[in-house]
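S.K.: Pasting the sequence and the predicted model now:
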Amino acid sequence: MFQTKEISTAGDLLRYFPYKYLDRRSLSKISELQPGKDKVIAGKILACGMAFAGRRKIFEIVLGDGTGTVSLKWFRFNPRHMMGSFKKDMGLIASGEATRFRNQTQFIHPILEIIDADVVDEIAAPGIIPVYSQIQGLGQKLVRKVVANSLRMFQGNIEDPLPPEIRERLRLPHKEASLQDIHFPEPATSLETLVNHRTPAFKREIFEEFFFMELGLALKRKTLTREKGQSIDVPEEKFAEWETRLPFRLTGAQRRVLKEIADNLREPHPMNRLVQGDVGSGKTVVAMLAAMAAIEKGYQAALMAPTEILAAQHYKAAQKLFAPFKIPVALLTGSLDASEKKRAHGRIAKGMFPFVVGTHALVAEKLAFKSLGLVIIDEQHRFGVLQRATLKEKGDNPHVLVMTATPIPRTLAMTIYGDLDLSVIDEMPPGRQAIRTRLVGEKARRQLYAAVGEILSRGDQGYIVYPLIEESEKLPLRDATRMYEEIRRIFPRYQVALLHGKTPQDEKDAVMRSFKAGDIHLLISTTVIEVGIDVPNATLMVIEHAERFGLSQLHQLRGRVGRGDKPSHCLLVTGLASSNPGFRRLEVMCETADGFKIAEEDLKIRGPGDFLGTRQSGLPELRVANLIRDYKILEVARQEAFAWLERDPTLSMHAFAKETLRRRWGEKLALADIG
Ligand code: ADP
Ligand code: MG
């Protein structure tokens, strides 16, 4: 029976933690119940149904706990709901004010919680009761008993997978003590501490879970860094020389990251590095200088972007940068015709193009490089792991650099991209104008149009964005279309264009090109406008139904403006009242321009799964630990795990830890070489 929950050993059972606790310490026995506020009782339903109180229809439940009975009464109620929700023999916890009426104790409109009926029988014993998620066919009482028996049976024999040296130094309880305390907490424990997993026992379990995950990641990374690769050894002076050819000076952060990359390239092992930087922080130029190093040493470099328009943008930037060095650049996208493609493929295979920019077209089977030494992937969240791997296959263990503007708190990034080294560009190029962000009420259309008119008359450009709602794409489409008509009517002298999910790709590209060229002044669209698009003359971003977006997404959209030296504005239009929590959430956008801070707020609200999109995020499934709530413990666990592997590279000092690692993460992390 236990096997339905993948519980086949006593060890599994002990790791089957309660999902909540009942605080029986505050419960009153019905026989001892005194009238008063905030009383809590538990019992079984002895009878329930409609009744009359005088001429008034009421709903009544008679609840008994073996010591006595009380009456629960409702004067306002939905008959169908009440009749449907409560049945004889159900277990209930009721709380509220107890009063006396004709010698009977009663609660009027109590707060109810339905509980497992067999919890009720143990009402006499005080304490905190664990509640387990349902195991088919087994009552709570039985599960509790089996857990208690197992703990007793294995007393003194439960092995601890954590190395004792670490456990003692961090003052973590022994495995056995922590299991005991999680299943049957000390009666003095505060329920809040318990529910928030802040007891020493829970903290220990959280640490343990993180520790083994990080140990697996550390091992994985070690394997990767042992692979043989091509050393690209370019002296620092070279980079400094190339920098003088740029139209600007690198920021300190760009220079630091470039050095981290150059140090990797020098190694005879392939680099695997993620560069994270807020929108506009200047990741591209850093990547291109890395490409320059590869090219200098006779290798080819390839940059893959998620869309044609982004690829074209990178292509132009690369042409400008590489022209003085007479380095030809190729652009490879899906829109080349067959003969153009063939010619490009031929030249790339001969090594005539040292730098190749492209879209997914780069992973095409037929494409081969002469000597691919560096692979760069832009906006990596748009690509699957497989595409990264396929492109990598086209070289002989080339160095890999991935770039992302999704600002993820450092520890979380380390966890998700555990096999990658992380660089952060945490500084904006100088001279960037702050983007002034304001919330605009749905009804303040006039203000909105005034803002639009103002930037248009200045010769600036702007975006108006609608959310894309999955269940019904029609709604925002209609809204966007209506807005398009309205704006065209109000500003007849300006060019307005409409873009949405159903616009054909070539038309989309054409519109984006005209917008970049300044021929279109206002772009009205759903969220299809490209990430990473760089139009310095755009100074206004209007986002309708702003409450429907995640904060990080709003931040990304907002990053489309403020890319030049002119002051920019972002207007978040919302119908929410200012008292609504959703409205207050949006206010964060007005208060900070720091993508990392915004991401953290977002993570607090939505959790990492929603934030990154659970499916493609590759987030590990955790049992007790929570990446956001417990990030401090994660940091410690990571340090300890990496340090431990340094001291004991083959994990031979602690057999049970090695076994635990293999069992928990061996398969998930494809750890080949744990013996
Ligand atoms: P992102 O990190 O969002 O990909 P980009 O690489 O597109 O940002 O850079 C945004 C803009 O900033 C580009 O126009 C780029 O030329 C410019 N830029 C990059 N680095 C600097 C710098 N150090 N000083 C001034 N401008 C810079
Ligand atoms: Mg970019």
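M.R.: That came in fine, so what should we check first? Numbering: from 1, shown residues only. Ligands and ions are numbered 1, 2, ... in the order given.
S.K.: For the rest of this, base every contact and every neighbour count on C-alpha atoms.
M.R.: OK.
S.K.: And the pLDDT for residue 297?
M.R.: Here, the pLDDT recorded for residue 297 equals 96.
S.K.: and it, how many residues sit next to it?
M.R.: Using other CA atoms under 10 Å, residue 297 has 13 other residues around it.
S.K.: gap between it and residue 287?
M.R.: 16 Å (CA to CA, to the nearest Å).
S.K.: Same question for residue 432.
M.R.: 21 Å.
S.K.: neighbour-wise, which of these two wins?
M.R.: Neighbours per residue (other CA under 10 Å) separate residue 432 from residue 287, with residue 287 holding more: 24 against 15.
S.K.: tell me the phi and psi of residue 486?
M.R.: Main-chain dihedrals, residue 486, degrees, to the nearest 10: phi -60, psi -50.
S.K.: er, residue 51 I mean
M.R.: With angles defined as degrees, to the nearest 10, residue 51 sits at phi -150, psi 180.
S.K.: nearest residue to it other than its sequence neighbours?
M.R.: Computed as CA to CA, 6 or more residues apart in numbering, the closest residue to residue 51 that is not its neighbour in sequence is residue 58, at 5.3 Å.
S.K.: close enough to count as contact, the one you found and residue 75?
M.R.: Yes. Under the criterion of CA atoms under 8 Å, residue 58 makes contact with residue 75 at 5.0 Å.
S.K.: helix/strand/coil for residue 219?
M.R.: helix (DSSP: H, G, I helix; E, B strand; the rest coil).
S.K.: So which residues on the stretch 351-500 of the chain come close to ligand 1?
M.R.: Within reach of ligand 1 by CA under 6 Å from any ligand atom, the stretch 351-500 of the chain has these residues: residue 429.
S.K.: how about the strands in the stretch 351-500 of the chain?
M.R.: 355-358, 372-377, 399-404, 421-425, 435-441, 461-465, 496-499 (DSSP state E, counting those that start in this stretch).
S.K.: mind putting the ones you listed in a markdown table, mean pLDDT and mean neighbour count included?
M.R.: Converted to a markdown table, the strands of the stretch 351-500 of the chain look like this (pLDDT from 0 to 100; neighbours: other CA atoms under 10 Å):
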| stretch | mean pLDDT | mean neighbour count |
| --- | --- | --- |
| strand 355-358 | 97 | 25 |
| strand 372-377 | 96 | 28 |
| strand 399-404 | 91 | 23 |
| strand 421-425 | 89 | 20 |
| strand 435-441 | 93 | 19 |
| strand 461-465 | 95 | 25 |
| strand 496-499 | 92 | 20 |
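S.K.: so which of those strands gets nearest residue 208?
M.R.: Of all the strands of the stretch 351-500 of the chain, strand 421-425 sits nearest to residue 208, with 23.3 Å by CA to CA.
S.K.: Adjacent strands (with direction) for the closest one?
M.R.: Counting by DSSP bridges, the strands paired with strand 421-425 are strand 272-277 (parallel).
S.K.: Compute the distance from the centre of the strand it pairs with to the centre of its chain.
M.R.: How far strand 272-277 lies from its chain's middle: 17 Å, per CA atoms, centre = their mean, to the nearest Å.
S.K.: same deal with stretch 364-377?
M.R.: That offset, for stretch 364-377, works out to 31 Å (CA atoms, centre = their mean).
S.K.: contacting residues around that stretch?
M.R.: 230, 287, 291, 294, 299-305, 345, 348-351, 388, 391-392, 394-403 (CA atoms under 8 Å, 6 or more residues apart in numbering).
S.K.: could you dump it to CSV, C-alpha only?
M.R.: What follows is stretch 364-377, C-alpha atoms only, in CSV (Å, rounded to 0.1, in the frame of the first residue of the first chain):
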residue,chain,number,x,y,z
ALA,A,364,21.2,22.9,-39.4
GLU,A,365,22.7,19.5,-40.0
LYS,A,366,24.4,20.4,-43.2
LEU,A,367,26.4,23.2,-41.8
ALA,A,368,30.0,22.5,-40.9
PHE,A,369,32.7,24.7,-39.7
LYS,A,370,36.4,24.5,-40.5
SER,A,371,37.5,25.1,-37.0
LEU,A,372,34.8,26.3,-34.6
GLY,A,373,36.6,27.5,-31.4
LEU,A,374,33.9,29.5,-29.7
VAL,A,375,30.1,29.3,-29.6
ILE,A,376,28.1,32.2,-28.3
ILE,A,377,24.4,31.9,-27.5
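S.K.: Quick one: end-to-end length of stretch 489-496, please.
M.R.: 10 Å.
S.K.: how far is it from where the chain is centred?
M.R.: The answer for stretch 489-496 is 40 Å, by CA atoms, centre = their mean.
S.K.: Please apply the same query to stretch 446-464.
M.R.: When C-alpha coordinates are averaged (CA atoms, centre = their mean), stretch 446-464 and its chain have centres 34 Å apart.
S.K.: Tell me the buried residues in that stretch?
M.R.: 448, 452, 453, 455, 456, 460, 461, 462, 463, 464 (16 or more other CA atoms under 10 Å).
S.K.: Quick check: pLDDT value at the second one.
M.R.: If I follow you right, that is residue 452. With respect to pLDDT, residue 452 scores 95.
S.K.: wait, what's in contact with it?
M.R.: 462, 540.
S.K.: now with 10 Å?
M.R.: Contacts for residue 452 (CA atoms under 10 Å, 6 or more residues apart in numbering) come out as 446, 460-464, 487, 491, 522, 539-542.
S.K.: how close does it get to residue 362?
M.R.: 40 Å.
S.K.: near ligand 1, which residues of the protein?
M.R.: Taking CA under 6 Å from any ligand atom as the criterion, the chain approaches ligand 1 at residues 248-251, 277, 279-285, 429, 532.
S.K.: again, 8 Å this time
M.R.: For the chain, the contact set with ligand 1 under CA under 8 Å from any ligand atom comprises 247-251, 254, 277-286, 317, 405, 428-431, 532-534, 536, 563-564.
S.K.: now could you export just the CA positions of stretch 637-644 as CSV?
M.R.: Extracted in CSV, the C-alpha atoms of stretch 637-644 (Å, rounded to 0.1, in the frame of the first residue of the first chain):
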residue,chain,number,x,y,z
ALA,A,637,25.5,24.2,1.4
ARG,A,638,27.1,25.1,-1.8
GLN,A,639,30.3,26.3,-0.2
GLU,A,640,30.5,23.2,2.0
ALA,A,641,29.9,20.8,-0.9
PHE,A,642,32.5,22.4,-3.1
ALA,A,643,35.0,22.5,-0.3
TRP,A,644,34.4,18.9,0.7
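S.K.: pLDDT averaged over it, what's the number?
M.R.: Stretch 637-644 shows a mean pLDDT of 93.
S.K.: nearest spatial neighbour of residue 552, skipping sequence neighbours?
M.R.: residue 599 is the one closest to residue 552 (CA to CA, 6+ apart), at 5.6 Å.
S.K.: what's the weakest-modelled helix or strand in this structure?
M.R.: helix 614-617 (a mean of 41; mean pLDDT, DSSP states H and E).
S.K.: Could I get the buried residue list for the helix or strand following that helix?
M.R.: Note on helix 614-617: by DSSP states H and E, the next helix or strand toward the C-terminus is helix 631-647. Within helix 631-647, the residues that count as buried by 16+ other CA under 10 Å are 631, 633, 634, 635, 637, 638, 640, 641, 642, 644, 645.
S.K.: Determine which two of these are furthest apart.
M.R.: The span of the buried residues of helix 631-647, defined through CA to CA, is set by 631 and 645 at 20.9 Å.
S.K.: any idea how far residue 16 is from residue 138?
M.R.: For residue 138, the distance to residue 16 - CA to CA - is 14 Å.
S.K.: The two: which is more packed in?
M.R.: More crowded of residue 138 and residue 16, by other CA under 10 Å: residue 16, with 18 against 11.
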